[in-house]
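Chemist: Pasting a predicted model and its sequence here:
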Amino acid sequence: MDSILIGGKERPVNVGWGTLKDFGKQTGRSFSQVFSVENLGFDDIEKLLFVSLKWGAKREGQDFDVKIADVQGWLNDDMLVVVKFMEIFGESVTAALDEKNLPAPEAGQ
């Protein structure tokens, strides 16, 4: 499982069905829209990272007592975390699609 250094510790992140479903619910995005990162706003990135951390902790059997405000503060301290996380997100989505031989969703769908 991938992890990122955020909030002073290495934390697991998961980009799977639960993550994408939570993110879609929180942002009103459809299934294909959750894969499109071109139009993500600042709040969207925070939510995507938050749910990825939540599902990462769940997959690892760890307690998750993080609030979205914590993620916002951590990103304020180290914005480069976003770059690392978005790389993980992109690689995870690409790997899942390649594994199933599915075409990548078109931008804006």
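Modeler: The structure has been received and is ready for your questions. Residues are numbered from 1 along each chain as shown.

Chemist: mind listing what's buried in the helix or strand harbouring residue 83?
Modeler: Using DSSP states H and E, residue 83 maps to helix 80-100. Residues of helix 80-100 classed as buried by neighbour count (16 or more other C-beta atoms under 10 Å): 81-82, 84-85, 88-89, 92-93. Bear in mind the C-beta positions are built from the backbone N, C-alpha and C, glycine included.

Chemist: where does this structure have low pLDDT?
Modeler: In the prediction, the chain carries residues with pLDDT under 70 at positions 96-109.

Chemist: how about the helices of it, start to end?
Modeler: With DSSP state H as the criterion, the chain has helices at 17-27, 42-59, 68-77, 80-100.

Chemist: Need those in a markdown table (columns: distance to residue 8).
Modeler: Shown next, in a markdown table, are the helices of the chain (distance: least, C-beta to C-beta, whole Å):
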| stretch | distance to residue 8 |
| --- | --- |
| helix 17-27 | 23 |
| helix 42-59 | 13 |
| helix 68-77 | 8 |
| helix 80-100 | 12 |
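
Chemist: To residue 2, which of those helices lies closest?
Modeler: Of all these, it is helix 80-100 that lies closest to residue 2, at 4.7 Å by C-beta to C-beta.

Chemist: Quick check: which helices or strands does that closest one pack against?
Modeler: Secondary-structure packing of helix 80-100 (3 or more C-beta pairs under 8 Å, 6 or more residues apart in numbering; DSSP states H and E): strand 3-6, helix 42-59, helix 68-77.

Chemist: ok so, going back, could you export the buried residues of helix 80-100 to JSON lines, including columns for distance to residue 74?
Modeler: Output for those, formatted as JSON lines (distance: C-beta to C-beta, whole Å):
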{"residue": "81", "distance to residue 74": "7"}
{"residue": "82", "distance to residue 74": "10"}
{"residue": "84", "distance to residue 74": "12"}
{"residue": "85", "distance to residue 74": "11"}
{"residue": "88", "distance to residue 74": "16"}
{"residue": "89", "distance to residue 74": "17"}
{"residue": "92", "distance to residue 74": "20"}
{"residue": "93", "distance to residue 74": "23"}
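
Chemist: Out of the residues you listed, the closest to residue 27 would be?
Modeler: residue 89 (14.2 Å).
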